[in-house]
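> just need the structure, nothing else, for what follows:
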Amino acid sequence: MRRRWSTFLVTGALSLALAPAVLAAETFTTELSGDNAVPPIEVDASGEATVTISDDEQSVSWDISYRDLTGAPAAGHIHMGGADENGPVLIPFDSVTESGSTGTFAASDYAGGEGLPDDWDGVLEEIRSGNAYVNIHTEEHPGGEIRGQLPGDDDAATAPPTDTESVAPTRAGGTAAAVLLVAVMLAGIAALSRFAVPRRR
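Down below sits the predicted model:
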């Protein structure tokens, strides 16, 4: 009976611990500047962008802030492409203000297009692989005035988090929490087993 009870507790602990690791949202952060444009442009504008894949993977949200643009922002997007190339619009921002943009794009709204992934899973793969960038357009620089490459999973996981560098996806934090929870639960199991009443023969 004691062995069966211990097995039940271990199974429950693993289920509880692994759930947040699998369902945690993924966040990618980058700096926006004219130096990142292709080709680079000299402007005073700068900004920061945070892009998040929801825990159920059914939406992508963004929180963008910027300053000192040459004029009012005309549009903002997440584009598909590497750091040294210009690519098609992957996710459009529904609105941009003089200081930033915040919004959410649902998987059900994705329609694809020429040169774009066939489905939503492909969109998430482009973001996770580091093949996507945030671009803010102005009238003076219609191709994009400030831009920042989103770090892929591997880049974000290995880069040390600082005020100006990209940070690891929050999914990594969920994994660490899962490991800690398993350790705590196993310690509790060991304590309960020590005081368990032996079965009568």
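> for the strand or helix carrying E126, packing partners?
If you go by DSSP states H and E, E126 is part of helix 120-128. Counting contacts by 3 or more Cβ pairs under 8 Å, 6 or more residues apart in numbering; DSSP states H and E, helix 120-128 is packed against strand 46-53, strand 59-67, strand 89-92. (C-beta placed from N, C-alpha, C; glycine too.)
> the helix or strand following it to strand 59-67, inter-axis angle?
The helix or strand immediately downstream of helix 120-128 is strand 132-138, counting by DSSP H and E. For strand 132-138 against strand 59-67, the angle by axes from the mean of the first three to the mean of the last three Cα atoms, to 10 degrees is 50 degrees.
> for whichever helix or strand comes after strand 132-138, packing partners?
Later in the chain than strand 132-138, the nearest helix or strand by DSSP H and E is strand 146-149. Secondary-structure packing of strand 146-149 (3+ Cβ pairs under 8 Å, 6+ apart): strand 26-33, strand 46-53, strand 132-138.
> okay, the last one in CSV with CA atoms only?
Spelled out, it's strand 132-138. Extracted in CSV, the C-alpha atoms of strand 132-138 (Å, rounded to 0.1, in the frame of the first residue of the first chain):
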residue,chain,number,x,y,z
ALA,A,132,11.2,37.6,-37.7
TYR,A,133,11.6,41.3,-36.9
VAL,A,134,9.6,44.3,-35.6
ASN,A,135,9.5,47.3,-38.0
ILE,A,136,8.0,50.7,-37.5
HIS,A,137,7.3,52.7,-40.7
THR,A,138,7.1,56.5,-41.1
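> parallel or antiparallel, which strands does that strand pair with?
Sheet partners assigned to strand 132-138 using DSSP bridges are listed as strand 73-80 (antiparallel), strand 146-149 (antiparallel).
> could I get the ones you listed as a markdown table with mean neighbour count and mean pLDDT?
As requested, the strands paired with strand 132-138 are exported to a markdown table (neighbours: other Cβ atoms under 10 Å; pLDDT from 0 to 100):
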| stretch | mean neighbour count | mean pLDDT |
| --- | --- | --- |
| strand 73-80 | 21 | 98 |
| strand 146-149 | 27 | 98 |
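> which one of the helices and strands packed on strand 146-149 lies closest to N86?
strand 132-138 (8.6 Å; Cβ to Cβ).
> what does that closest one rub up against?
The contact list for strand 132-138, computed with Cβ atoms under 8 Å, 6 or more residues apart in numbering, reads 30, 32, 36, 45, 47, 49, 51, 62, 64, 66, 69-81, 83, 87, 90, 96, 126, 143-150.
> same check, this time on stretch 69-80
Residues contacting stretch 69-80 (Cβ under 8 Å, 6+ apart): 43, 45, 51, 60, 62, 64, 66, 86-93, 96-98, 101, 115-117, 126-127, 131-142, 145-146, 150.
> of these, just the buried ones, PyMOL syntax please.
The buried residues among the contacts of stretch 69-80 can be selected in PyMOL (16 or more other Cβ atoms under 10 Å) with this line:
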select buried, resi 43+45+51+60+62+64+66+87+89+90+91+93+96+101+116+117+126+127+131+132+133+134+135+136+137+138+141+145+146+150
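> quick one on the thing from earlier: pipe the helices and strands packed on strand 146-149 into JSON lines and attach mean pLDDT and distance to S108 per row.
Output for these, formatted as JSON lines (pLDDT from 0 to 100; distance: least, Cβ to Cβ, whole Å):
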{"stretch": "strand 26-33", "mean pLDDT": "98", "distance to S108": "19"}
{"stretch": "strand 46-53", "mean pLDDT": "98", "distance to S108": "15"}
{"stretch": "strand 132-138", "mean pLDDT": "98", "distance to S108": "20"}
